[in-house]
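Trainee: With the sequence up front, the predicted model follows.
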Amino acid sequence: MTKPKRLTSEARREQIVRCAERVFAEHGLLGTKTRDIAKACGINESVLYAHFRTKEDLFIEAVGRIHARADAAMQRTADRCSTGGEALREVMKLALTVLCANPHLCTNMLHTLASSTSGERFRKFAADLLDRHRQVWIEVIKRGVRDGSLRGDLIPEEIVRYVQGSVWMSSLNVVTGRSPKTKALIKQHLNAIDKFLVPKP
């Protein structure tokens, strides 16, 4: 009988991170045990510790990757749009579609905020993630004001607070099962965003 092919160190680390995303989504930072993650991966805890010194290190790696993937997807979507106004609508549509299709992403977003109560390291971690996410929205809105697709009287920072708040509230509603169907949710938020657009002649 042929033995299963042994994973490379890099592939094993990737497997651990992917499993950790799911386990952290279910139990959060404080509720997760390293043995739970090891079990989900089908490995011994000693193998996990060969790649990550602490559970906290693994949390930061796993959740940080989730946010990095989300920000990169938002940026790619914005870059494909011809105006900032179009980008604002399309990025919001993407964010809501992904959240509704992946509830574990919503719970990990909320666990990120909850982790900020676990000391200075995690407070800074959560703040940095929020700042990077916020910067994507800021650039989209500034672009729209420059190219005339968004109203010139808009203050980007204020609009970002509204947009980020909408996304985070949508995450909470998805987790608690109170979110409307994806299409209805998107329509609701796009209708709100349209008030920021310059009407087409």
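Mentor: Cool, got the structure.
Trainee: Can you find the helix or strand of the protein with the lowest average pLDDT?
Mentor: Among the helices and strands of the chain, helix 103-115 carries the lowest confidence by mean pLDDT, DSSP states H and E, at a mean of 81.
Trainee: next SSE after that helix?
Mentor: Later in the chain than helix 103-115, the nearest helix or strand by DSSP states H and E is helix 120-147.
Trainee: how far off helix 103-115 does that following helix point, in degrees?
Mentor: 120 degrees (axes from the mean of the first three to the mean of the last three CA atoms, to 10 degrees).
Trainee: What about residue 121, how many residues nearby?
Mentor: Per other CB atoms under 10 Å, the neighbour tally for residue 121 reads 12. Yep, even glycine has a C-beta here, placed from its N, CA and C like the rest.
Trainee: For residue 171, which non-adjacent residue is spatially closest?
Mentor: In space, and not counting its chain neighbours, residue 171 is closest to residue 106: 4.1 Å by CB to CB, 6 or more residues apart in numbering.
Trainee: Show me where the protein has its helices.
Mentor: For the chain, the helices defined by DSSP state H cover 9-31, 34-41, 45-51, 55-80, 84-101, 103-115, 120-147, 156-175, 182-193.
Trainee: Might you report the residue contacts of residue 170?
Mentor: 96, 99, 100, 179, 185, 189 (CB atoms under 8 Å, 6 or more residues apart in numbering).
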